[in-house]
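Visitor: Prediction below, plus the sequence it came from.
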2 protein chains.
Amino acid sequence: MTATSRGRTAEDARNAILDAAEQRLIDSGPASIRLQEVAADVGVGHPTVLHHFGSREALVDAVVQRALDSVHGQVLSAIAESSTDDGGFATLFDKVASWLSDSGRGRLFYWLALEGIAVPDDSIPLQQIVAAAHDQRLQRARERGCEGAHPLLEDTRFTVVLTVLAITAQGILGPRLLERVGVGADERAQKRFRAWLGEMILRHLDR
Amino acid sequence: MTATSRGRTAEDARNAILDAAEQRLIDSGPASIRLQEVAADVGVGHPTVLHHFGSREALVDAVVQRALDSVHGQVLSAIAESSTDDGGFATLFDKVASWLSDSGRGRLFYWLALEGIAVPDDSIPLQQIVAAAHDQRLQRARERGCEGAHPLLEDTRFTVVLTVLAITAQGILGPRLLERVGVGADERAQKRFRAWLGEMILRHLDR
DNA sequence: GAGGCTATCGACATCTTTGTCAATACCGTG
DNA sequence: CACGGTATTGACAAAGATGTCGATAGCCTC
């Protein structure tokens, strides 16, 4: 694209606006995406924002879409990396958990769910994760011979759901709960909890 | 208190307004508590709401306070009941989980955390729960003799945190996750998940 | 250099929401 | 019945948000 007045490309302007709006989305929710404030963050007038996105609603849609795409891509690449790595589930868990927590994008799903904003079905490749986890469980069960019961598919599904719930919720209520329970609210406490959680999930899957 | 015009007591009016505001709080968050809409829900003019609460902010504070008190009381009474009952942890877990989910008050904590609204420290008696759970673990460990390691306090603390995270988050993301993972979004799926979760926590504590 | 395209913005219109105020209606009390 | 207290409300003010419009200024093409 060609640069025009103020030395900014349309694409650059769009991205800068989306960045500012996404920060507000993560910090304070979709309702807090206000044209004037987003424009002020970027350093433009609010009609400029409307010029690029048409309406506030279209801006919110674009921000949500881009953020969800980012999560989708990040999770997929983490899965791809961990499948070549040796760490397997443990590193995958830690990678996804810390990224969702640090980037604040875990909050996104709660904002959207609470505000009743629909999320495309494949924003997190859950089916894929369930299938991979269950295959691994079945394989380990065969290796161990016929002792013990076969892992049930529903058990794997529930485990994945619990994992996602815990990972995402931990980024929101985690610090407060950990502090109130007597562990402390610092970064190390969060990490210890994540490590503990990962071990627990893994132990359950390998049971 | 004496009844005045329109046949309504001041206390009744306050409670009716708080009820309407709380419903909006749970459904759509603190930001959606709008004087005109709350007033319309109750069937009064919006200056009436201001008359009873002074300002919108004071109304929001009152609603949050009342809702948190309700959770606190409900959890305490559930603990009291379950300590006399025989069911122990399992019934307590199910009682608190389903009440938080059904009443929608689990959403409250996420709204408050996301919007950055401070929550009084004892809104859920976590310390008490941790202490009770850990005492029970130690006792069971003694009964089983010296086999296995003593349960660590931090493990109990993490378990309580995970339990609270899962219970509350399940009321928000639960239905969508369960559906997307292939279990279904109906009420039975939710109950099965809760039961599975309770068993898993219990198995971990009794390990 | 002329002209078209477009990113930008100041000013304005409109709507929503919170908050104020004076007036009204009703109750209990003297 | 008269009166004080209070719950209630319509009308208005003020602030903030979204969206519109005409004007401006820079880049690219011819």
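Guide: Noted; the coordinates are in hand.
Visitor: Which parts of chain A are helices?
Guide: For chain A, the helices defined by DSSP state H cover A:10-28, A:35-42, A:46-53, A:56-84, A:89-103, A:105-115, A:126-143, A:153-170, A:174-180, A:187-206.
Visitor: how about residue A:95, what does it touch?
Guide: Shown in contact with residue A:95 (CB atoms under 8 Å, 6 or more residues apart in numbering or on different chains): A:78, A:81-82. Where C-beta positions appear, they are placed from N, C-alpha and C, glycine not excepted.
Visitor: would you turn those residues into TSV with distance to residue B:40?
Guide: Formatted as TSV, the contacts of residue A:95 follow (distance: CB to CB, whole Å):
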residue	distance to residue B:40
A:78	48
A:81	54
A:82	53
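Visitor: Those, buried ones only, as a ChimeraX selection?
Guide: To isolate the buried ones among these in ChimeraX, judged by 16 or more other CB atoms under 10 Å in any protein chain shown, type:
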select /A:78,82
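Visitor: Tell me, what's the model's pLDDT at the nearest residue to residue A:88 once chain neighbours are set aside?
Guide: By the measure of CB to CB, 6 or more residues apart in numbering or on different chains, the closest residue to residue A:88 outside its immediate chain neighbours is residue A:82, 6.5 Å from it. Residue A:82 is assigned a predicted lDDT (pLDDT) of 79.
Visitor: hang on, residue A:82 packs against residue A:94?
Guide: No - applying CB atoms under 8 Å, one finds residue A:82 not in contact with residue A:94, separated by 9.6 Å.
Visitor: tell me the phi and psi of residue A:125?
Guide: phi -70, psi 70 (degrees, to the nearest 10).
Visitor: What's the separation between it and residue B:200?
Guide: 24 Å (CB to CB, to the nearest Å).
Visitor: So for those two, which residue has more residues nearby?
Guide: Set residue A:125 next to residue B:200 and count neighbours by other CB atoms under 10 Å in any protein chain shown: residue B:200 wins out with 20 against 15.
Visitor: Spatially nearest residue to that one, not counting backbone neighbours?
Guide: residue A:204 (6.7 Å).
Visitor: And residue A:66, by the same measure?
Guide: Nearest non-adjacent residue to residue A:66, counting by CB to CB, 6+ apart: residue A:18, 5.8 Å away.
Visitor: tell me the pLDDT at that neighbour?
Guide: Turning to residue A:18, the model gives it a pLDDT of 98.
Visitor: same question, residue A:118
Guide: Model confidence at residue A:118, given as pLDDT, is 89.
Visitor: how many neighbours does it have?
Guide: 9.
Visitor: Contact partners for the closest residue to it other than its chain neighbours?
Guide: In space, and not counting its chain neighbours, residue A:118 is closest to residue A:112: 8.0 Å by CB to CB, 6+ apart. Residues in contact with residue A:112 (CB under 8 Å, 6+ apart) are A:30, A:64, A:118-119.
Visitor: Out of these, flag the one nearest to DNA strand D.
Guide: Of all the contacts of residue A:112, DNA strand D sits closest to residue A:30, with 10.2 Å by CB to the nearest atom of the strand.
Visitor: Could you check how far the closest one is from residue B:29?
Guide: Taking CB to CB, one finds residue A:30 at 10 Å from residue B:29.
Visitor: Name the residues contacting each of those two.
Guide: Taking CB under 8 Å, 6+ apart as the criterion, residue A:30 and residue B:29 both touch residue A:115.
Visitor: which regions of chain A sit below the pLDDT cut-off?
Guide: Scanning chain A with the threshold set as pLDDT under 70 gives A:1-8, A:85-87, A:146-149.
Visitor: Where does it get nearest to chain B, which residue?
Guide: Nearest to chain B in chain A, going by CB to the nearest CB, is residue A:169, at a distance of 3.7 Å.
Visitor: check contacts around the closest residue to that residue other than its chain neighbours.
Guide: In space, and not counting its chain neighbours, residue A:169 is closest to residue B:169: 3.7 Å by CB to CB, 6+ apart. Contact partners of residue B:169, counting by CB under 8 Å, 6+ apart, are A:165-166, A:168-169, B:106, B:110.
Visitor: Of those, which ones also sit close to DNA strand C?
Guide: Residues of those in contact with DNA strand C (CB under 7 Å from any atom of the strand): none.
Visitor: Which one of those residues is nearest to residue B:24?
Guide: residue B:110 (15.4 Å; CB to CB).
Visitor: Would you check that the closest one makes contact with residue A:115?
Guide: No - using CB under 8 Å, residue B:110 is not in contact with residue A:115, being 11.2 Å away.
Visitor: Compare those two (neighbour count), which wins?
Guide: With neighbours defined as other CB under 10 Å, residue B:110 and residue A:115 compare such that residue B:110 has more, 23 against 16.
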